[in-house]
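J.: Next one to model:
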Amino acid sequence: MKKYSILAGVIAAHCASLAFGQTTKNEGVTSAQSSVVAKASSVDAKGYTAEKAIDGNDATWWSPSREEWGTREPTWLEVDLGDEREIGHTFITELTGGGYPHIQDFRIEYKDGETWKCVYEGAEIFGRRVYDFPPVKARVFRIIFHKVLRYPQNINEVQFYAPGKLSEAALAAKRQDAETAKRLEWFKAAKFGMMITWGPYAVAGGEWNGKPVKGIGEWIMRRANDDKGIPVKEYEKMAAKFNPTKFNADAWVQLAVDAGMKYIVAMPKHHDGFAMYHSKVDQYNIFDYTEWKRDPMKELAETCAKKGIKLGFYYSQSQDWHHPFGAGNPLEYPPTNKPIADFSKYLTEKALPQVREILTQYGPVALIWFDTPKNMPAEWAGKFRDTVRSIQPDTLINSRLGPGGYQDYLSRDDNDIPPQARPGAWETAATLNHTWGFKKSDTQWKSPEDLIFKLVDITSKGGNYLLNVGPDAEGVIPQASQDNLRKVGAWLKVNGEAVFGTGSTPFGAELGSLDPVKKNKGGYPLFNANTAWRCTTKPGKLYITLFQWPGAAFELSGVTDKVAKAYFLGDRTKPVTFSQEAGKLVVQLPPQAPDAVASVLCLETSAGR
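T.: Numbering: from 1, shown residues only. Next up is the predicted model:
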């Protein structure tokens, strides 16, 4: 069985011929061949039948019933090829909207007599993806979806191919893989970044008319007044008073450097519609609308360039609570009054032109971090993608742009850390307390020890950790945030080799196991996490980060390469005694942990020689 060998090309859909809604030329097995039939575990009430997934048309799809999805039992799509054929590739297209992947785990299986045998285990699909596996001869194949977090579960197309006989669309996906991989090189090595959530909402600081407002700070315009929201005119008055006289770009970027972070994601516009840069498109911005008359994005760009930090930008492309035709403000601009033509007017007048400004005014842009694609049509998601590619081809696009599979990497749910290693490029954006934007009352800060564990945990599972800071109305990042981040940075100065540029664990059992009885909130088996240690890798090296000191010895099974040398990163001059036999490694440890937070044991193996 092949596992997680995803051709990240996969995100294809970058060619005009592959645009969502068009019928793509399908040279694989489809229902156009009368002998090919499909069936499924269930069909959505709207009639999204199994045949729609093999009709060669990306604009149609199969979806199981909501009732079946609600049981949390596996759903499946089965394809009978009509006769036995040799198959070595499956091309799956899932163009789900909403900005978040719906499918989490699946298997490709074939029928051998009365037995189903697995040839591939995969994770998120979320776009156009080609899956290769050792060729098998069979007549009936199926894809079984074990974990689907969101409904609807749409599969636009499934195509099966003989070894080396891919369609034009599948080949385009593979070609795109090379471009995507090149763009992602720095990102996959960086591992640790800073998000900065900052805007007029910092003036309110989580309070409105003297009353605390529930929820996250940057959503106060929607959550104040018992969820009735703050009227646009009142919010404008607050925005006009925004005067962050203590803002210091050098101090912000230096904090990222001190913390060991490799990139920053600043915020030119959040959902409130206020631009935190000098925009010529809309005067509702910090330069034209306030007395401050400065462009913090320009100052951050200049400082990042000097200090060698990559700079990306967050941009709320769909939600804009200030524009009459933007999404997300039911208080003054009810959704029923905004047909798609009106939403397109907002995209045309404001969102897309501002993205062009961001891409042309601040030098190299590492990434665009889109968010909450409410109402976003696939056609417009494609226009945003095309704009980014035409101006700065190397700029990464995260997965929250909208439907169409246009992303370079996956932005997981906020603060969501997967229980097990995941393939591909992905990132967990997370808070230091419970809010993104500044909130006076939220002082429940995550400890440096917790942040270090989360960073190593995410890295060991193949992802990046994007950690947020929320500066106050004066432009100052809370001192507790600064102190905790610098403590993380101090640990990384010694042990950063085990984080930056590393790969995920080759083991997995150390992460934990599924509970045989208990279920999580989503209805799936609960994952019981182990937190004693984590493993990251480089060619010829295993890094074992010990969060719980095991005592006199550390034992590790499944080490296939011969270990040549062992030492702690905190003191590389002192070799550590070990023995290895039949794949089992036993490392003799000192009585006390060398590092009070986490000690990193480096194992150099024969694979690196």
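
J.: alpha carbons only for contacts and neighbour counts from here, please
T.: Noted.

J.: Break this structure into its domains for me.
T.: 2-179, 191-498, 509-608 (automatic domain parsing).

J.: and the end-to-end length of the longest one?
T.: Okay, so that is domain 191-498. Start-to-end span of domain 191-498 (C-alpha to C-alpha, to the nearest Å) is 11 Å.

J.: mind listing the strands in the stretch 51-200 of the chain by residue range?
T.: Counting by DSSP state E, counting those that start in this stretch, the stretch 51-200 of the chain has these strands, from start to end: 75-94, 103-112, 115-122, 127-148, 157-161, 192-196.

J.: Which among those strands is found nearest to P296?
T.: strand 192-196 (11.6 Å; C-alpha to C-alpha).

J.: Turn the strands of the stretch 51-200 of the chain into TSV, including mean pLDDT and distance to F274.
T.: Conversion of the strands of the stretch 51-200 of the chain to TSV gives the following (pLDDT from 0 to 100; distance: least, C-alpha to C-alpha, whole Å):
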stretch	mean pLDDT	distance to F274
strand 75-94	96	34
strand 103-112	95	34
strand 115-122	96	41
strand 127-148	94	32
strand 157-161	95	40
strand 192-196	98	15
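
J.: any chance of these in JSON lines, with distance to A249 and mean neighbour count too?
T.: Listed next are the strands of the stretch 51-200 of the chain as JSON lines, based on distance: least, C-alpha to C-alpha, whole Å; neighbours: other C-alpha atoms under 10 Å:
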{"stretch": "strand 75-94", "distance to A249": "41", "mean neighbour count": "20"}
{"stretch": "strand 103-112", "distance to A249": "39", "mean neighbour count": "20"}
{"stretch": "strand 115-122", "distance to A249": "42", "mean neighbour count": "17"}
{"stretch": "strand 127-148", "distance to A249": "37", "mean neighbour count": "21"}
{"stretch": "strand 157-161", "distance to A249": "48", "mean neighbour count": "25"}
{"stretch": "strand 192-196", "distance to A249": "12", "mean neighbour count": "25"}
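
J.: Pick out the shakiest of the domains of the chain, pLDDT-wise.
T.: Least confident of the domains of the chain, judged by mean pLDDT, is domain 2-179 with a mean of 81.

J.: my read is V586 is in a helix, agree?
T.: No. Under DSSP: H, G, I helix; E, B strand; the rest coil, V586 sits outside any helix and is assigned strand.

J.: mind listing what it touches?
T.: Applying C-alpha atoms under 8 Å, 6 or more residues apart in numbering, one finds that V586 lies in contact with A553, F554, E555, L556, F578, S579, Q580.

J.: Just the ones of those residues in strands?
T.: Of the contacts of V586, the ones assigned to strands by DSSP state E are A553, F554, E555, L556, F578, S579, Q580.

J.: Which PyMOL command selects the buried ones in those residues?
T.: Listed next is the PyMOL selection for buried residues among the ones in strands among the contacts of V586, using 16 or more other C-alpha atoms under 10 Å:
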select buried, resi 553+578+580
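
J.: Of the ones in strands among the contacts of V586, which is the nearest to W76?
T.: Once C-alpha to C-alpha is applied, the member of these that ends up nearest W76 is L556, at 37.6 Å.

J.: partners of the residue nearest to the closest one when sequence neighbours are not counted in the sheet?
T.: Nearest residue to L556 in three dimensions, chain neighbours excluded: L585, at 5.1 Å (C-alpha to C-alpha, 6 or more residues apart in numbering). On the basis of DSSP bridges, L585 is bridged to L556, Q580.

J.: Is it correct that L585 is in contact with A553?
T.: No. Using C-alpha atoms under 8 Å, L585 is not in contact with A553; the gap is 10.0 Å.

J.: Break down the stretch 351-500 of the chain into its strands, ranges please.
T.: For the stretch 351-500 of the chain, applying DSSP E, counting those that start in this stretch gives strands covering 367-370, 396-397, 410-411, 426-430, 464-469.

J.: The fourth one packs against which elements?
T.: To tie it back to what came earlier, the one meant is strand 426-430. Using 3 or more C-alpha pairs under 8 Å, 6 or more residues apart in numbering; DSSP states H and E, the elements in contact with strand 426-430 are strand 410-411, strand 464-469.

J.: Name every strand pairing with the shortest one and say which way it goes.
T.: Looking back up the chat, that one is strand 410-411. Paired neighbours of strand 410-411 in the sheet (DSSP bridges): strand 426-430 (parallel).

J.: Likewise for the last one?
T.: Strand pairing for strand 464-469, determined by DSSP bridges: strand 192-196 (parallel), strand 426-430 (parallel).

J.: Out of these, which is closest to N57?
T.: Comparing those against N57 with C-alpha to C-alpha, the closest turns out to be strand 426-430 (28.6 Å).

J.: How far away from the center of its chain is the closest one?
T.: Its chain's C-alpha centre and that of strand 426-430 lie 5 Å apart, by C-alpha atoms, centre = their mean, to the nearest Å.

J.: Make residue 1 into 32 and carry on from there
T.: Okay, residue one is now 32; in that scheme the one you just asked about reads as strand 457-461.

J.: Residues contacting that strand, please?
T.: By C-alpha under 8 Å, 6+ apart, the surrounding residues in contact with strand 457-461 are 226, 440-448, 489, 493-499.

J.: export the strands paired with strand 495-500 to CSV and tack on distance to T533?
T.: As requested, these are exported to CSV (distance: least, C-alpha to C-alpha, whole Å):
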stretch, distance to T533
strand 223-227, 12
strand 457-461, 14
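
J.: Out of those strands, which is closest to L523?
T.: L523 sits nearest to strand 223-227 of all the strands paired with strand 495-500, at 10.6 Å, using C-alpha to C-alpha.

J.: now the end-to-end length of stretch 399-416.
T.: Using C-alpha to C-alpha, the end-to-end distance of stretch 399-416 comes to 10 Å.

J.: scratch that, stretch 405-413
T.: Stretch 405-413 stretches 15 Å from its first residue to its last (C-alpha to C-alpha).
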